[in-house]
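**Student:** Sharing a sequence plus its predicted fold:
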Amino acid sequence: MKFKLNLDFEKHIGHSTLLYGDTNTKKTIQTSKFVQFLLESKKVPPKEITILDFAPNLTKVRNLKIGGKIRDFYENSSKCRNISFRGDIIPPRLNSRNKTELYQNAYKNYKKTSKILNSFNEDPTTILIINDISIYLHMGSLELLVKAINNSTTFFGNSYYGSSIERDFANLFSRREKRRVENLIKEVEKSYFTG
């Protein structure tokens, strides 16, 4: 389904929703607006909302804004139950010089993201928000992710799905990422391509 900026957030409560698209298509902004809607309009207690933020820190590379956390766009998201990890996420394609580094960086990200996914599954909340899911999907299993989605009543997440950060040595990596996002789309109730 094509994405509209005026998404009716009310219709996404009690459902699983995925936004997917290229960089700079407002996926994280819309996800943070959903968190804002839950807290300010629906008065959901913050500790009923778990946020798993897999995104790299906001940075500019080759005139593209890459990454960005939910808290960068909505400060009050810090009141929610944020399950975090030590260190930062490494943008694998952009911070690698070759295929070996690419997979090493993706594996480091996987170790961090899978750990907090497991933490959520051990103690789920009714609402789950995940920012930048493809970071996990580079190496992680769809099963663990789907288990987390199914452990919540409302899921709202986003994923990179594009071509703006391609590298010559990462063609196979990028094709695999796209397939895994396409498989995730089949697992959620509502999905929107952001461009």
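**Tutor:** Yes, it's here.

**Student:** Near the spatially closest residue to Leu38 that is not a sequence neighbour, how many other residues are there?
**Tutor:** The shortest distance from Leu38 to any residue other than its chain neighbours is 4.4 Å, reached at Val44 (Cβ to Cβ, 6 or more residues apart in numbering). In this view, the C-beta of every residue, glycine as well, is placed from N, C-alpha and C. Taking other Cβ atoms under 10 Å as the neighbour definition, Val44 ends up with a count of 19.

**Student:** Test my guess that Val44 contacts Ile129.
**Tutor:** No - counting by Cβ atoms under 8 Å, Ile129 is not a contact partner of Val44; they are 11.3 Å apart.

**Student:** ok so, going back, what backbone torsions are found at the residue nearest to Leu38?
**Tutor:** Main-chain torsions, Val44, degrees, to the nearest 10: phi -70, psi 130.

**Student:** distance of it from Lys11?
**Tutor:** With distances taken as Cβ to Cβ, to the nearest Å, Val44 is found 16 Å from Lys11.

**Student:** quick one: the helices in the protein?
**Tutor:** With DSSP state H, the ranges of helices along the chain come out as 27-36, 70-73, 99-122, 134-137, 142-151, 171-187.

**Student:** shaky segments in this protein?
**Tutor:** When the per-residue scores of the chain are filtered using pLDDT under 70, the ranges that remain are 1-5, 61-62, 64.

**Student:** can you list contacts of stretch 160-171?
**Tutor:** Here stretch 160-171 makes contact (Cβ atoms under 8 Å, 6 or more residues apart in numbering) with 20-25, 27, 61, 64, 66, 91-94, 96, 98-99, 102, 132, 134-135, 174, 177-178, 181, 193.

**Student:** what about 6 Å?
**Tutor:** 20-23, 64, 93, 98-99, 102, 134, 181 (Cβ atoms under 6 Å, 6 or more residues apart in numbering).

**Student:** and those residues, which are buried?
**Tutor:** Judged by neighbour count, with 16 or more other Cβ atoms under 10 Å as the criterion, the buried members of the contacts of stretch 160-171 are 20-23, 93, 102, 134, 181.
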